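Trainee: sequence and computational prediction follow.
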Amino acid sequence: MMNFATESETKRPLTAGHILLLLLLSCAANAQSILLLGPQRGLIQSHLHVNPAFTPQEQFTLSIPPLLLPFPSPGFGFSVSSNAFALSDVIKPGANGQTLIDTKTWLDNVRPMNTLSAAVQADLLSAGFRLNDRHFFSLNISNRAEINWDYSGDMIELLLKGNGSEGILGEEISPYIHLQGVHYTDIGLGYSTALNDGRLKAGMRLRYLIGQEHVQTRKSEFNLFTDAADFAIKGDADIRIQTAGLHNGILQGDRELLSSAYLFGTGNRGGGIDAGVTYRINDKLELAAAVRDLGFIRWKNDVRTYSSKEPGASVEFQGIDLIDYSDEPITVEEVFDQLTDSLLARFELSEDNKAYISMLNVKSTFSLAYSINEKQSACLIINNTHYDRRIHPDISISYSYAPKEWLKTSVAWSYIDRTAGNIGIFLAVQPGVFQWYLCSDNVLGVFFYDRYEGIPAPAYARHASLRAGFNLTLGKSSSAQ
Amino acid sequence: MKEDIDLDNIGETTWEPELAIPLVNSSFTIKDLLLEADKRGQVLTDPVTGLCSLVYRGQLVSPSGAQFVILPDQNFQAEFEASVSDANNINTLPTGGTYLTGTSTTLTFEPDTNIVIIDELTLSDGDLIIDINSNINQDVLLTVTVPAAQKNGQVFQESFPIPAATGGNVSQQIRMDMSGYVIDLTQGGTTTNTVTCNYTVLITKTSATLQAGQRITMDNRLQDLRFSLIRGDFGQQKLFNIDDRDTIALSLFKNVVPDSGNFRLNQAIANLKIENGFGIPLRIDTLLLEPYGSGQTFPYPYIPTPQGYTPLYLAAPAAPGQITVTTPPSIGGPNAIELNAIISAKPKNLVYGLEALSNPNGPPPPGSRNFISDTSRVRIRFEIIMPFYGSAWNFTFRDTTPFDLGSDFTEYLTSAELRSTTTNGFPFDVEMNIDFTDSDYQVLQTLKPETEFERVIESAMINANGDVTQPTVRNTRFLINSNEVAQLKDVRHIIVRAKGSTTNNGVSDVKIYDHYRLDFKLGMKGNFNFPVQP
């Protein structure tokens, strides 16, 4: 049994602060991809996580936990994104060592539709083997988690400013919230082949998925109207939230997070496929396209689905009827209670434990690479995440330079989740058989951080990502040479 | 890295939402509006026109039959004395031989008043108690018989042994239950208030010798008498006294500020309904109707009754358990100047009383004798009906009500705005203001301090007949600033001051129908400041 965690580490309970941090870290729908990994076609991670048609230059690549001590993973990455605020805009140090929550800045920056997302990925095993110039095989085991939270600006305004505030009073608002989070183990077998004298390459990766936790709002429809004349409140709601794996462990903080039973034995199984092609137009230009995360997980353990008992039922509260209270005084607090009771009674949720299937968020990537010379190249990448019935595109333009055979560098400008000004870097050092790499789509977001409960987190940028790892490489393919 | 953020030590911050909630949404009819503050009144609707009237009712009740005729205990004596002949006859008997003799007595029944003549008395309760003292030295069986008293066809009769007096006088008390007996006190139609009691003495010879002059004395007492029915003649008595009055509180005017405003009512009427449960004809000789209110003055001291209203004869019911109902003509109406003027003076009470005489035509003849049961009563039902047809102007009300916003609420409220919307289908305007007071009724603040009254309800439009043609909508805002909010937490009462007038400040007469409605909505928008401690 694999178990890298100590008792004290795994049983630490979640605090309100941790949950708040998790929520604030959870941002844009496409945060789980790292754009600058796209141009690094000689890295097995680009084969595994960008386009299965990409293949590393080496004959054999191996990445297993002991190779990157003291980390339990030989490769890991994370990305966080928020298009409304940076973490330091909202969570700030205050007087006497206290921490302040600045909701005003949040309100000032909120947009009609906002996203928070985060993704974490830890590679437990990555291996690649080139049979010959045409055929390449790979195997990987990763643990991945991503959470995406879309929320409308009027929902935040409603929560923070109240229904009597300007812009809400007298207006029919439809506060929107969509939450999707998934945590799973990904076991993949990949294959890539070269066709047409190497001008065309095609790759595919078959994936076996084991789900740990999931949460998703299948329906989240709210409508609210507060009459400006008499403040009568009318609303309706249709809610359906699917959860799995949340109640019997993770929310209590007593999961052994790195145990094999947790990573491989939950019984929530699924499958998926990644596919990609590259086409070399000429010696300078190469087109590539890939689609990833065409997959699903069937959740059957610790499943709770919460649904509106009366979907779409509307409730209107116009105040109490004084005739009913002719013999007794009534306080404003009691009116508040009546309002609350009316709303809760109408919006009551039912719960069931039926198994359900969730789909992964499909990603598609298109790139055009231009080889300037043997040491320099440029690349345009468009990455789309299909999430919540919308496409969330990111664009990156990168320049790569390899001054030495053992040193590769890239720099990129990216437009990610409606935020520009993301400057990314890539650095790979490969002295002999060892290969270290480091990649970030917004390096400023990574290196300017605060420590939250001792945990470093990007605090001053709306997007931050980092991927780093270590590979053991053997041999050079003839095609690469 | 710039900062270390301690998520376990998040400082207290504030949540400052602006919350708007509807407080009140009510639709009032005239019944709701009036009866909310006037639990004693009743709103009646004319089934044909829908015109509403406010009705106050009262009831003056006579003493019950049991209180009207009191039956005191009745005492009477009887005695048996052995004569020489009795002694001789008995002494010649062998031991164990028997000898029958007896005596009787006649009781003259005396009610508490000598004008009551009783023909027949049905007792619901009562005992005949006899204290016996005997010195007869023989065994005696005493039998008491009241031939005029029957129960289920059986004559009253009971027997008691009296032992022989051998060592001195024998004393004993016997008690006989008379409940349920119907007693004829006419001695066969020849007299009244009279009943005879017979005593049969059966002597059984002992070994002793009876001496002439030995005797049995019997002290009789009819005790704790309760009747269920009396027939006879109850004479001429006053059933109601003019000093026994009933007061009807016109609670509509209870909260009217004295000497405020004017009120004009056009068709007030007063009705009497008299239910006679006594089997006695009655005559009402005097009827008093007058307004009353502490410190109030009225244009007329009393409400005159119509010509020929008194004397008013009330027939007796035909049989026990029945009543006769007499409904004299209404007092008042469109031309009744005094009643309408008195009502327009907003009396807080109406007082009424009367005098009634029984058997006004003298003793009841045979075949039409009086009767009363113990539960018989005469009820005078009085009602004053005020149709809502008239006008009022500058009618000022004042009412104090307990009020508590709730400490949790006021603690976090920083300022507030109240918005009211009235859709008035009634033909009256209302101006009002509210004083917020502490527990000692000291005014802490006033809702609209810059003015005495704020118009919150605007009269509906009316036509020439005084009927509403179109409701009127009025929106009003009241602002409560932060200083005033701070005082609200000490508020324990509110004093509602209101001034009302019918349309056009009372110049036109208006009518109020049962379909008129006042829709009132009140909402509050408050700025709050909630501390948040994660």
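Mentor: Sure thing, it's come through.
Trainee: beta partners of residue A:127?
Mentor: residue A:62, residue A:139 (DSSP bridges).
Trainee: residue B:502 now?
Mentor: The partner residues for residue B:502, given DSSP bridges, come to residue B:428.
Trainee: just checking, it touches residue B:457?
Mentor: No - in this structure residue B:502 lies outside contact range of residue B:457 using Cβ atoms under 8 Å: 11.9 Å. Just so you know, the C-beta spots here come from the backbone N, C-alpha and C atoms, and that holds for glycine as well.
Trainee: helix or strand with the lowest mean pLDDT in chain B?
Mentor: Taking mean pLDDT, DSSP states H and E as the measure, chain B has helix B:30-37 as its least confident helix or strand, at a mean of 72.
Trainee: now do the phi/psi pair for residue A:369.
Mentor: Torsion angles at residue A:369 (phi, psi; degrees, to the nearest 10) stand at phi -110, psi 140.
Trainee: now the phi/psi pair for whatever residue of the stretch 101-250 of chain B ends up closest to chain A, please.
Mentor: Across the stretch 101-250 of chain B, the shortest distance to chain A (Cβ to the nearest Cβ) belongs to residue B:249, at 18.8 Å. When read as degrees, to the nearest 10, the backbone of residue B:249 gives phi -80, psi 120.
Trainee: who's more crowded, residue B:502 and residue B:457?
Mentor: Between residue B:502 and residue B:457, counted using other Cβ atoms under 10 Å in any protein chain shown, residue B:502 has the larger neighbour count: 27 against 22.
Trainee: what sits against the more buried one?
Mentor: B:390-393, B:427-429, B:459, B:508-510 (Cβ atoms under 8 Å, 6 or more residues apart in numbering or on different chains).
Trainee: any of these buried? List them.
Mentor: B:390-393, B:427-429, B:459, B:509-510 (16 or more other Cβ atoms under 10 Å in any protein chain shown).
Trainee: out of those residues, who's nearest chain A?
Mentor: Using Cβ to the nearest Cβ, the buried ones among the contacts of residue B:502 come closest to chain A at residue B:428, 18.4 Å.
Trainee: ok, the closest one - contacts?
Mentor: B:392, B:457, B:459, B:500-503, B:510.
Trainee: the single nearest residue of chain B relative to chain A: how many residues sit nearby?
Mentor: Going by Cβ to the nearest Cβ, chain A is nearest to residue B:7 of chain B, at 2.5 Å. Around residue B:7 there are 19 other residues, counting by other Cβ under 10 Å.
Trainee: thought residue A:350 was touching residue A:310?
Mentor: No - using Cβ under 8 Å, residue A:350 is not in contact with residue A:310; the gap is 9.6 Å.
Trainee: compare those two (neighbour count), which wins?
Mentor: Between residue A:350 and residue A:310, counted using other Cβ under 10 Å, the more crowded position is residue A:310 (15 against 11).
Trainee: now do the helices in chain B.
Mentor: B:30-37, B:65-68, B:84-91, B:337-344, B:407-412, B:482-488 (DSSP state H).
Trainee: for those helices, please prepare JSON lines with the additional fields distance to chain A.
Mentor: Converted to JSON lines, those look like this (distance: least, Cβ to the nearest Cβ, whole Å):
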{"stretch": "helix B:30-37", "distance to chain A": "5"}
{"stretch": "helix B:65-68", "distance to chain A": "37"}
{"stretch": "helix B:84-91", "distance to chain A": "81"}
{"stretch": "helix B:337-344", "distance to chain A": "26"}
{"stretch": "helix B:407-412", "distance to chain A": "5"}
{"stretch": "helix B:482-488", "distance to chain A": "10"}
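Trainee: wait, which of those is closest to residue A:279?
Mentor: Closest approach to residue A:279 among these (Cβ to Cβ): helix B:407-412, 65.8 Å.
Trainee: contact partners of stretch B:125-135?
Mentor: With contacts defined as Cβ under 8 Å, 6+ apart, stretch B:125-135 is touched by B:71, B:140, B:142, B:144, B:146, B:160, B:162, B:165, B:168-179, B:214-226.
Trainee: quick check: beta-bridge partners of residue B:386?
Mentor: Where residue B:386 sits in a bridge, its partners, by DSSP bridges, are residue B:54.
Trainee: distance of the spatially closest residue to residue B:31 that is not a sequence neighbour from residue B:426?
Mentor: Counting by Cβ to Cβ, 6 or more residues apart in numbering or on different chains, residue B:31 lies nearest to residue B:43, which is 4.4 Å off, once chain neighbours are set aside. Taking Cβ to Cβ, to the nearest Å as the measure, residue B:43 falls 13 Å from residue B:426.
Trainee: more crowded one of those two?
Mentor: With neighbours defined as other Cβ under 10 Å, residue B:43 and residue B:426 compare such that residue B:426 has more, 28 against 19.
Trainee: quick check: closest non-adjacent residue to that one.
Mentor: In space, residue B:426 is closest to residue B:516, 5.0 Å off (Cβ to Cβ, 6+ apart).
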